[in-house]
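> how would this look folded up:
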Amino acid sequence: MQNPFDEVRAAVQQAKELHRAVDAEANALADLLEGRLKHVTHYRLKRMKATLQRFNSQTGTWKE
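Numbers count the residues shown, from 1 in each chain. A predicted model of the protein is given here:
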């Protein structure tokens with residue numbers, strides 16, 4: 001008999017693995033987006049800009 005929490009743990013583990021895979025491909029995705037940002041919705045661009053404001057390009061670090 002399987003513990004009901006085993007399914008939850010497995011789902012969480014799968015989510016973590018998916019996040020790692022997406023993180024590993026983030027640079028490739030950014031390269032694909034560059035030059036195509038004119039096709040991104042205003043809402044998404046606004047969210048991206050707000051996120052990027054926390055990035056210090058001089059030091060290459062993110063503000064908390």
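> now Ala24: phi and psi?
phi -70, psi -30 (degrees, to the nearest 10).
> distance of Arg54 relative to Lys16?
23 Å (Cβ to Cβ, to the nearest Å). In this view, the C-beta of every residue, glycine as well, is placed from N, C-alpha and C.
> ignore what I typed, I meant Pro4.
In terms of Cβ to Cβ, Pro4 sits 20 Å off from Lys16.
> between the two, which is the more surrounded one?
Lys16 (10 against 7; other Cβ atoms under 10 Å).
> tell me the contacts of the more buried one?
Contacts for Lys16 (Cβ atoms under 8 Å, 6 or more residues apart in numbering) come out as none.
> lowest-pLDDT helix or strand in the protein?
Taking mean pLDDT, DSSP states H and E as the measure, helix 26-33 is the helix or strand of the chain with the lowest mean score, a mean of 92.
> point out the other helices and strands that the helix or strand that it is followed by packs with.
Downstream of helix 26-33, the next assigned helix or strand under DSSP states H and E is helix 42-52. In terms of contacts (3 or more Cβ pairs under 8 Å, 6 or more residues apart in numbering; DSSP states H and E), helix 42-52 is not packed against any helix or strand.
> chain center to the following helix or strand past helix 42-52: distance?
In the C-terminal direction, the helix or strand that comes right after helix 42-52 (DSSP H and E) is strand 55-56. Relative to its parent chain, strand 55-56 has a centroid offset of 16 Å by Cα atoms, centre = their mean, to the nearest Å.
> name every strand pairing with strand 55-56 and say which way it goes.
According to DSSP bridges, strand 55-56 forms sheet pairs with strand 61-62 (antiparallel).
> what is the burial count for Val40?
13.
> for it, phi and psi?
According to degrees, to the nearest 10, Val40 has phi -90, psi 140.
> per-residue confidence for it?
Among the per-residue scores, Val40 shows a pLDDT of 93.
> how much space separates it from Gln2?
Counting by Cβ to Cβ, the gap from Val40 to Gln2 is 43 Å.
> what does Ala15 give?
19 Å.
> does Leu37 really touch Leu45, like I thought?
Yes - with contacts counted by Cβ atoms under 8 Å, Leu37 reaches Leu45, the gap being 6.9 Å.
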